[in-house]
Structures are given as C-alpha cells and as structure tokens.
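Undergrad: Sequence and predicted model, in that order:
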Amino acid sequence: MAIQYYLSIKFSNIFIPIGLGILFTIISFIGSGIIPYLWFFLPWSYAGKTMSATHITLSLSSTILMFIIAAIITVFITNKGIKFIKNKDIF
C-alpha cells in the first residue's frame, strides 16, 4: 500500500500507479512461481500467497519474516513520501 500511495503522489495521472501495480502483481506471481522464496521480497504477492491453498504449508518463521519485510518496506517508502511532500509543499 505504501508503494502504491507513493506512486500516486509522484504521478498526477491515476492510471500510472494502477498500471504499475497490476504489472508488479503479475511480475511477482510469475517470479515467485519460478524462484520459490522470491515472494518474500515482492510485496504484491503477499495477498495472493496468504489466500492460496498453499498458505497452510507456510511456517511461522516465514510468516514472521513476511511481516518484518513488509514493515521495513512500509516505513522506508512512507519516509520517502514524507520527504517528497515536504519538498513539494510551500511552508
């Protein structure tokens, strides 16, 4: 969500962030199908992976790792967005 929000702030056209989100979702599902543990680093595949029938086989450590990586990405992108907004607004 943080990456999509940052993209929507960065571009004035709404179709660019939506198109990039769809593209990254397709890439993440294909990439995670080819390389088994690549989905940890592709946050667009988290929802599909947790809703799939194979989520039963996920161990607790992999689930915790998924949440840690998502939290790190969210904090990083949110800080980048805050810096972008501070530089863009006039105060």
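TA: On my side now, so go ahead.

Undergrad: centroid residue for the protein?
TA: residue 43 (3.5 Å; C-alpha atoms, centre = their mean).

Undergrad: show me what contacts it?
TA: Residue 43 is in contact with 3, 28, 69, 70, 73, counting by C-beta atoms under 8 Å, 6 or more residues apart in numbering. C-betas here are computed from N, CA, C, even on glycine.

Undergrad: go on, residue 6?
TA: So residue 6 contacts 77, 78, 80, 81, 84 (C-beta under 8 Å, 6+ apart).

Undergrad: Just after whichever strand or helix holds it, pick out the following helix or strand.
TA: For residue 6, the element it lies in under DSSP states H and E is helix 2-10. Following helix 2-10 in sequence order, the next helix or strand is helix 15-34 (DSSP H and E).

Undergrad: relative orientation of that following helix and helix 2-10 in degrees?
TA: Compare the direction of helix 15-34 with that of helix 2-10 by axes from the mean of the first three to the mean of the last three C-alpha atoms, to 10 degrees and you get 150 degrees.

Undergrad: quick one, longest helix in this structure?
TA: helix 60-88 (DSSP state H).

Undergrad: Any idea how far it is from the middle of the chain?
TA: Relative to its parent chain, helix 60-88 has a centroid offset of 9 Å by C-alpha atoms, centre = their mean, to the nearest Å.

Undergrad: Quick check: mean pLDDT of that helix?
TA: Mean pLDDT, computed over helix 60-88, is 80.
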